[in-house]
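Asks: My questions are about this predicted structure, shown below with the sequence.
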Amino acid sequence: MGAQQPQWDRAGQIPSAVDTVTAWRAPQRRPVVVAVHGMEDSWQSWEKLTGLLGADHQVYALDLPWRAGNDYRWRQYGTPAHWLHQGLQAIPEPVDVLLGHSFGANAVLQYLAQCGPAGPAARTAVLAAPFYRPSTLVCDWSLYHQSFAGFRSVMTEGMRTRLGARAAALEPELLASMADKLIERIGPMGFLALYDQFVATTELNLSQVPIPALVLAGEHDQGLAGDRAEALAEAMPMADVQLRPEFGHFFHVDHAGEAHERITAFLRAHLGGAGTRPRDTATRELRHEQTEVTHQLADSAEPLTTTPYQNGHTA
């Protein structure tokens with residue numbers, strides 16, 4: 001039997017005594033975006049950005065084990081890439097875009113590096129504020145303590161973002177106390193989950209990632225500042241790395257409009273039939289404006305095998 005043809009939908013019908021006039025809607029498929037939230041965050045954190053993307057895309061947001069309030073026992077049963085792979089089984093149609101933020105962006109990176117010969121279950125990827133360790137950055141106690149400071153800073157920024165306008169009305173001492181309680185609740189297991197993933201990024205085989213990726217981050221976001229962004233651009237030829245001076249770690253919330261513009265421009269170029277060959281090494285570039293550099297913040301590498309969807313697609 002041949003492939004099932006897309007079905008037209010009956011949009012409306014006007015009956016009369018003589019005959020009936022019917023309007024049929026042509027089958028249309030919008031590009032499918034799957035959003036992957038960060039550590040101690042929620043699938044609902046995508047609301048502002050996906051509210052804009054939803055005009056032209058079908059958006060799914062995964063609720064993953066590293067959500068806010070988790071106990072980190074999920075680490076005993078699989079890597080972030082494993083859990084993302086599991087989440088993709090819940091998507092009932094082919095995926096066009098993997099969209100990840102922070103820890104979720106690194107779960108996407110790990111998945112892309114380990115998906116095996118069958119390739120990833122997506123045509124493009126968008127990575128918002130990922131983190132990457134260049135091979136020149138030695139993993140020592142200094143890096144460990146520096147990374148913990150960065151972890152605390154990001155968790156505090158996330159708390160401020162969730163509070164929104166209420167944060168401005170709170171005394172600095174109260175905000176600091178709230179941050180202390182948040183870090184205490186997350187505990188060492190949460191930090192180690194992030195630190196392990198960060199350290200292991202150096203070993204990811206990103207040179208073989210077969211799909212184009214857009215990497216967006218702030219110039220002063222420690223996870224990808226300075227030589228870290230340069231190193232990621234060098235390690236991943238299919239990536240277009242862009243640093244923006246106005247972006248913080250949670251720019252998908254604070255600057256959702258500009259993030260939407262950059263993402264949709266990228267998707268138009270790559271989902272509209274444009275080729276996906278790597279940029280030539282001589283023309284590979286890291287795009288930013290007047291950047292000043294600073295420094296911040298993975299998991300074991302084992303190939304992920306594809307699992308068929310019920311509808312025959314693979315992840």
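Replies: Done, it's in.
Asks: Break down the stretch 101-250 of the chain into its strands, ranges please.
Replies: Secondary structure of the stretch 101-250 of the chain (DSSP state E, counting those that start in this stretch): strands located at 124-128, 213-218, 239-244.
Asks: I'd like those written out as CSV, with mean neighbour count, mean pLDDT and distance to residue 141 added.
Replies: Where you see a C-beta, it was placed from the backbone N, CA and C, and this is true even at glycine. Shown next, in CSV, are these (neighbours: other Cβ atoms under 10 Å; pLDDT from 0 to 100; distance: least, Cβ to Cβ, whole Å):
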stretch, mean neighbour count, mean pLDDT, distance to residue 141
strand 124-128, 26, 97, 29
strand 213-218, 25, 97, 26
strand 239-244, 22, 96, 28
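Asks: Out of those strands, flag the one nearest residue 178.
Replies: Closest approach to residue 178 among these (Cβ to Cβ): strand 213-218, 23.1 Å.
Asks: Within its sheet, name the partner strands of the closest one and how each one runs.
Replies: strand 124-128 (parallel), strand 239-244 (parallel) (DSSP bridges).
Asks: which ones are touching residue 155?
Replies: Going by Cβ atoms under 8 Å, 6 or more residues apart in numbering, residue 155 touches 40, 179, 182-183, 186.
Asks: Residue 109 - how many residues pack around it?
Replies: By the criterion of other Cβ atoms under 10 Å, residue 109 has 30 neighbours.
Asks: Might one say that it is in contact with residue 130?
Replies: Yes - using Cβ atoms under 8 Å, residue 109 is in contact with residue 130, at 6.1 Å.
Asks: okay, and the common contacts of those two?
Replies: What both residue 109 and residue 130 touch, as defined by Cβ under 8 Å, 6+ apart, is the set residue 100.
Asks: Specify which member of the contacts of residue 155 is nearest to residue 259.
Replies: Nearest to residue 259 among the contacts of residue 155, with distances taken as Cβ to Cβ, is residue 40, at 20.5 Å.
Asks: Any figure for the gap between that closest one and residue 250?
Replies: 12 Å (Cβ to Cβ, to the nearest Å).
Asks: Overlap of the contact sets of those two?
Replies: With Cβ under 8 Å, 6+ apart as the test, residue 40 and residue 250 both reach residue 158.
Asks: Show the pLDDT at residue 84.
Replies: Note on residue 84: pLDDT of 95.
Asks: Now it: phi and psi?
Replies: phi -60, psi -40 (degrees, to the nearest 10).
Asks: Report the contact partners of it.
Replies: Counted by Cβ under 8 Å, 6+ apart, residue 84 has contacts 36, 62, 64, 107-108, 110-111.
Asks: So which bits of stretch 107-124 are buried?
Replies: Within stretch 107-124, the residues scored as buried using 16 or more other Cβ atoms under 10 Å are 107-115, 120-124.
Asks: now swap in stretch 140-147 and tell me
Replies: Using 16+ other Cβ under 10 Å as the test for burial, stretch 140-147 gives 143, 146-147.
Asks: Next: stretch 41-59.
Replies: Buried residues in stretch 41-59 (16+ other Cβ under 10 Å): 41-43, 45-46, 48-50, 52-53, 57-59.
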